[in-house]
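1. prediction below, plus the sequence it came from.
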Amino acid sequence: MILKILVGIIAGFIFGYTLQRTGITKYPRVTGLLLLKDFKVLKFMLTAVTISMIGFYILSDLGAITLHPKSLDWGKLVGGLVFGAGMGLLGYCPGTMASRIGEGKKDAWIGALGMVLGILFFALNFNFFKSHFLASSINGDLAANLGIHHWILAPIAAIIFIGIIWLANKVDDSRKIF
Amino acid sequence: MNKFFDQNGEWHWFTGGLFVSILAMVTYVLFEALSYKSYPFGITAGYGFVAALFRHLFSSLSVNPVIHKFATVPAAFVEFFMLIGVALGGYTAAKSHKNYAPEVIPAVWEKYHGKNVWKRFLAVIFGGFFLGWGAALGSGCTTGNILQGWAHLSLGSIVAGASFFVTGIITAKLLYPKIGGEK
């Protein structure tokens, strides 16, 4: 119990500290990304994704962890679209919202309340969502689905991610808003 | 070194990304070793844990499968404390670097939509509602589906993460149709 609390708080602290210091929690950042004007959040995310992707596959090959790719169902698409609208309205996502609460941004408390109500709404209508969007699913392992080894797919994905970072960086250097 | 930790007073995006990737890998190994969950860290279940507390007010919620899950899985409990950690981390980072700036409404919002607090709160409560509903249905938020899910090359997360941007971009454009012309 104490261990769980400690691990949670320490991991969260490092995450929140990093998000704030990197400037990810600033309101103009996420909104700026969605307006395609400021790509720092995208560059930050894809850097983390690329490095941890390589790390996860190495750890998994060593037997240190078991990967659990998320399966594909209609909930991912519909839920993702609903989530995106929320992110646009708020100007931040659930993680940065928690950091913003710590930073004294009062509206983030209301956002957190909304988020809890949204989860309750999903829970109360779970049977509807389950039968309409979660009834069938496709295995989430992309490499397995494509029938190629993950060490062939991972470098391809890394090249795509780094390419996007490179492009985004060129655009960012040339203009600034807010 | 300065370049990595001081970009107009902020860390470089690479520094932030590197730190988060290390955190993601360490927590994955740690959580699996401690058998909290078989998936790396996320944020949504922490809010789910709070939502599940309503079962104490409305006992009929206890039998709800979603509430039952958030009330019982160790991951939701850990993620709730992770949320507290994130808030403490954000507070500490802001305070220690003299950019702790409390506000009720973000400055950019105020510039384009006025000082009316209720207007912002209305947008925010609906925004939060959509975040919670969408993350619960899509089994993950930006942290779970992009930072972690994309790193696993999960088909479900790639679709979810990409769809965040579809409606996110549309909503942001509707909110700020005029941004872009000025400096």
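-> Thanks, I have the structure now.

2. hang on, residue A:7 packs against residue B:29?
-> No. Proximity of residue A:7 to residue B:29 does not meet the contact threshold set by CB atoms under 8 Å, at 11.8 Å. No exception for glycine: its C-beta is placed from N, CA and C like everyone else's.

3. higher neighbour count, those two?
-> residue A:7 (20 against 15; other CB atoms under 10 Å in any protein chain shown).

4. what's near enough to touch the more buried one?
-> Residue A:7 makes contact with B:27, B:30-31, B:34, B:36, B:78, B:81 under the criterion CB atoms under 8 Å, 6 or more residues apart in numbering or on different chains.

5. now do residue A:82
-> Residues near residue A:82 by CB under 8 Å, 6+ apart: B:130, B:133-134, B:137-138, B:167.

6. pretty sure residue B:18 contacts residue A:51?
-> Yes. Using CB under 8 Å, residue B:18 is in contact with residue A:51, at 6.3 Å.

7. after the helix or strand where residue A:7 lies, which helix or strand is next?
-> For residue A:7, the element it lies in under DSSP states H and E is helix A:2-21. With elements assigned by DSSP H and E, the helix or strand that comes after helix A:2-21 is helix A:27-34.

8. run the chain-centre distance for the very next helix or strand once past that following helix.
-> Later in the chain than helix A:27-34, the nearest helix or strand by DSSP H and E is helix A:40-61. Helix A:40-61 has its C-alpha centroid displaced from the chain centroid by 12 Å (CA atoms, centre = their mean, to the nearest Å).

9. give me the buried positions along helix A:40-61.
-> A:40-57, A:59 (16 or more other CB atoms under 10 Å in any protein chain shown).

10. the residues you listed: which ones sit near chain B?
-> By CB under 8 Å from any CB of the partner chain, the members of these lying near chain B are A:40, A:43-53, A:55-56, A:59.

11. what's near enough to touch the most centrally placed residue in chain A?
-> The residue lying closest to the centre of chain A (CA atoms, centre = their mean) is residue A:45, at 7.8 Å. Neighbouring residues of residue A:45 by CB under 8 Å, 6+ apart: B:17, B:142, B:146-147.

12. closest to chain A among those residues?
-> Checking the contacts of residue A:45 against chain A by CB to the nearest CB gives residue B:17 as the nearest, at 2.6 Å.

13. ok, now which ones touch the closest one?
-> Counting by CB under 8 Å, 6+ apart, residue B:17 has contacts A:43-48, A:51.

14. can you check residue B:2 too?
-> Residue B:2 touches nothing, counting by CB under 8 Å, 6+ apart.

15. roughly how far apart are it and chain A?
-> 14 Å (CB to the nearest CB, to the nearest Å).

16. scan chain B for its longest helix.
-> The longest helix of chain B (DSSP state H) is helix B:74-96.

17. what's the first helix or strand after that helix?
-> Where DSSP H and E defines the elements, the next helix or strand beyond helix B:74-96 is helix B:107-113.

18. how's chain B carved up into domains?
-> For chain B, the structural domains run B:9-102, B:104-183, going by automatic domain parsing.

19. could those go into JSON lines alongside mean pLDDT?
-> Formatted as JSON lines, these follow (pLDDT from 0 to 100):
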{"stretch": "domain B:9-102", "mean pLDDT": "91"}
{"stretch": "domain B:104-183", "mean pLDDT": "92"}
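
20. compare those domains and give me the one nearest residue A:97.
-> domain B:104-183 (7.6 Å; CB to CB).

21. since that was my last question, I'll sign off now.
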